[in-house]
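A.B. asks: Sequence first, predicted coordinates after that:
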Amino acid sequence: MDITLHYEQMGEGFPLVLLHGNGEDHTYFQHQMEPFAAHYRVIALDTRGHGGSPRGEAPFTLEQFAQDLKDFLDGQGIEKCHLLGFSDGGNVALIFALKYPQYIEKLVLNGANLEPEGLKSGLRMKLRLRWAALQAARRVQPELEGQFELLDLMVTQPHIDHLALRGLRMPVLVVAGDHDVIAEAHTRMIAAPIPHGRLAILPGDHFVARDNFQQFNALVLDFLQKG
């Protein structure tokens, strides 16, 4: 890996890795660290180009972020973990699970999507307009490149084969808010083909782990701790 990922960790025991969303960092999980650390070695990463992790020279794609995660786990000597991803972090977690399933004991996907069309149409249109404007502006304002790359992740990625989800063999919890920016039908479509999938729609918006953390944390811990 061309960079070293920044991370914060708390607790001891079996590893539980947390992946934040687009434009965020590990602090998104401030309401999860202590409760989860009572049971696990919780590791909250900063994705490439986010928080304390440098951008590096590798492609700024979800596929690269999944490769970064593998390199990080290998560097830490972690052969198996629970993996929880939120939003773009959920997309990275899903890409990683499909490519490297041997690393994952249980998987939690919060606010993930298989393709850009999984976003509700109103938000998708706003993002595309902003993306087009930045695409033009960055040619004369190079300092906008970082903003463009972040937005590009949401507008042009991911592209995950729905049928490939049938191949996931680990238990998977798919979580979203009942007022999420991800269309509920899309969230249900993610959960449906997973052999050991479980779906939960909680009261809240896309940021349900932050704003309804009591219910979110209880749900996740129940899922992780049951055999």
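C.D. replies: Perfect, thanks for sending it.
A.B. asks: For the rest of this, base every contact and every neighbour count on C-alpha atoms.
C.D. replies: OK.
A.B. asks: what about residue 205, how many neighbours?
C.D. replies: By other CA atoms under 10 Å, 18 other residues sit near residue 205.
A.B. asks: swap in residue 13?
C.D. replies: For residue 13, using other CA under 10 Å, the count is 11.
A.B. asks: Which stretches in the chain count as strands?
C.D. replies: Secondary structure of the chain by DSSP state E: the strands cover 7-10, 15-19, 41-45, 81-86, 104-110, 172-179, 197-205.
A.B. asks: could you dump the ones you listed to JSON lines with distance to residue 134 and mean pLDDT?
C.D. replies: What follows is these, written out as JSON lines (distance: least, CA to CA, whole Å; pLDDT from 0 to 100):
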{"stretch": "strand 7-10", "distance to residue 134": "30", "mean pLDDT": "98"}
{"stretch": "strand 15-19", "distance to residue 134": "26", "mean pLDDT": "99"}
{"stretch": "strand 41-45", "distance to residue 134": "28", "mean pLDDT": "98"}
{"stretch": "strand 81-86", "distance to residue 134": "25", "mean pLDDT": "98"}
{"stretch": "strand 104-110", "distance to residue 134": "28", "mean pLDDT": "98"}
{"stretch": "strand 172-179", "distance to residue 134": "28", "mean pLDDT": "98"}
{"stretch": "strand 197-205", "distance to residue 134": "27", "mean pLDDT": "98"}
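A.B. asks: Helices of this protein, residue ranges please.
C.D. replies: Under the criterion DSSP state H, the chain contains helices at 33-37, 62-76, 88-99, 121-137, 145-156, 184-191, 208-211, 213-225.
A.B. asks: Enumerate the positions of the shortest one that are buried.
C.D. replies: If I follow you right, that is helix 208-211. Going by neighbour count (16 or more other CA atoms under 10 Å), the buried part of helix 208-211 is 208-210.
A.B. asks: quick one, domains of the chain?
C.D. replies: Domain ranges of the chain: 7-115+160-225, 117-157, per automatic domain parsing.
A.B. asks: most tightly surrounded among the ones you listed?
C.D. replies: Of all those, domain 7-115+160-225 has the most neighbours on average by mean count of other CA atoms under 10 Å, namely a mean of 19.
A.B. asks: Any idea how far apart the tips of that domain sit?
C.D. replies: Terminal residues of domain 7-115+160-225 are spaced 24 Å apart (CA to CA, to the nearest Å).
A.B. asks: would you turn the strands of the chain into TSV with distance to residue 225?
C.D. replies: Output for the strands of the chain, formatted as TSV (distance: least, CA to CA, whole Å):
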stretch	distance to residue 225
strand 7-10	18
strand 15-19	12
strand 41-45	14
strand 81-86	11
strand 104-110	10
strand 172-179	12
strand 197-205	14
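A.B. asks: Out of the ones you listed, which is closest to residue 159?
C.D. replies: Nearest to residue 159 among the strands of the chain is strand 104-110 (15.8 Å), distances taken as CA to CA.
A.B. asks: who's in contact with the closest one?
C.D. replies: Strand 104-110 has contacts (CA atoms under 8 Å, 6 or more residues apart in numbering) with 80-87, 90-91, 93-94, 97, 170-176, 220, 224.
A.B. asks: Out of the helices of the chain, the one nearest residue 23 is which?
C.D. replies: Using CA to CA, the helices of the chain put helix 145-156 closest to residue 23, at 6.6 Å.
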